[in-house]
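J.: what's the 3D shape of this:
(chains A and B)
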Amino acid sequence: AQSVTQLGSHVSVSEGALVLLRCNYSSSVPPYLFWYVQYPNQGLQLLLKYTTGATLVKGINGFEAEFKKSETSFHLTKPSAHMSDAAEYFCAVSESGGGADGLTFGKGTHLIIQP
Amino acid sequence: DGGITQSPKYLFRKEGQNVTLSCEQNLNHDAMYWYRQDPGQGLRLIYYSQIVNDFQKGDIAEGYSVSREKKESFPLTVTSAQKNPTAFYLCASSIDQVGRGTEAFFGQGTRLTVV
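T.: Numbers count the residues shown, from 1 in each chain, chains lettered A, B, ... in the order given. Next up, the predicted model:
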């Protein structure tokens, strides 16, 4: 069974600084990996996903993530934080060739942007 | 516009009552899911359905029931057997099995509170 660990339940950065949100996964087969963002009292919106091919994936709002198989990681980055980036971020995994039983989510990281 | 509609946005339940949360999608997606979100817990899968008239239990199905009589609709009933139902409930859908790399699309959620 797959699992996801997000390091840090809260991350605080200054506006304009680098954003780095960490995600490590466990999977017995090649994984599919996702990052979602959630604003207060709203649903989740897909930022980006990795399935196959290029390991550096670019998403919306200037975010990107790199799949590193050797480190079982899929960290999310953004070069310059904006106040509007303040939200909850979730990393999720599904196993390639797996069934229909949904994504497995990490517990989330709350991103705080300091002015 | 295509999307997933959850209703109501806020729901209050008295102890011992059953309540039903609505989820409708017009994306023509085959798969639908219900997740429960608690602070600091991430998202946990309650039920999922791949086709009409078929559904499977997720990780925390006890105290919940679902039906899938139409492709567009996947209502969730929170029964009196659910001991701690206060949470944020999210419905999602995907065009295909997430094990094939497709992402899930989410509704705006229903916040259920026991009074």
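J.: Find the nearest non-adjacent residue to the residue nearest the centre of chain B, please.
T.: Residue closest to the average C-alpha location in chain B (CA atoms, centre = their mean): residue B:34, at 2.7 Å. Nearest residue to residue B:34, sequence neighbours excluded (CB to CB, 6 or more residues apart in numbering or on different chains): residue B:46, at 4.3 Å. C-beta: built from backbone N, CA, C; applies to glycine.
J.: Would you confirm that the one you found belongs to a strand?
T.: Yes - assessed with DSSP: H, G, I helix; E, B strand; the rest coil, residue B:46 lies in a strand.
J.: Now that we're looking at it, what pLDDT does it have?
T.: The confidence metric pLDDT takes the value 96 at residue B:46.
J.: just residue A:53 next, same as before
T.: Per-residue pLDDT puts residue A:53 at 86.
J.: count of neighbours near residue 7?
T.: Picking chain A for this. Look at residue A:7: counted by other CB atoms under 10 Å in any protein chain shown, it has 14 neighbours.
J.: let's do chain B instead
T.: Applying other CB under 10 Å, we find 12 residues neighbouring residue B:7.
J.: got it, and the one 5 residues further on?
T.: Applying other CB under 10 Å, we find 13 residues neighbouring residue B:12.
J.: list the contacts for it?
T.: B:112-115 (CB atoms under 8 Å, 6 or more residues apart in numbering or on different chains).
J.: who wins for most neighbours among those?
T.: The most crowded member of those, judged by other CB under 10 Å, is residue B:112 (21 neighbours).
J.: pretty sure that residue is in contact with residue B:76, am I right?
T.: No - the criterion here is CB atoms under 8 Å, and residue B:112 misses it with residue B:76 at 9.8 Å.
J.: can you pull out the strands in chain B?
T.: B:4-7, B:10-13, B:19-25, B:31-38, B:42-51, B:54-57, B:64-66, B:76-78, B:87-94, B:105-106, B:110-114 (DSSP state E).
J.: Check which residues of the fourth one are buried.
T.: What it means is strand B:31-38. B:31-37 (16 or more other CB atoms under 10 Å in any protein chain shown).
J.: Just want the angle from that strand to strand B:87-94.
T.: 160 degrees (axes from the mean of the first three to the mean of the last three CA atoms, to 10 degrees).
J.: which neighbours does strand B:31-38 have in its sheet, and in what orientation?
T.: Sheet pairing of strand B:31-38 (DSSP bridges) gives strand B:42-51 (antiparallel), strand B:87-94 (antiparallel).
J.: what's the overlap in contacts for residue B:112 and residue B:76?
T.: Shared contacts of residue B:112 and residue B:76, defined by CB under 8 Å, 6+ apart, are found at B:21, B:89.
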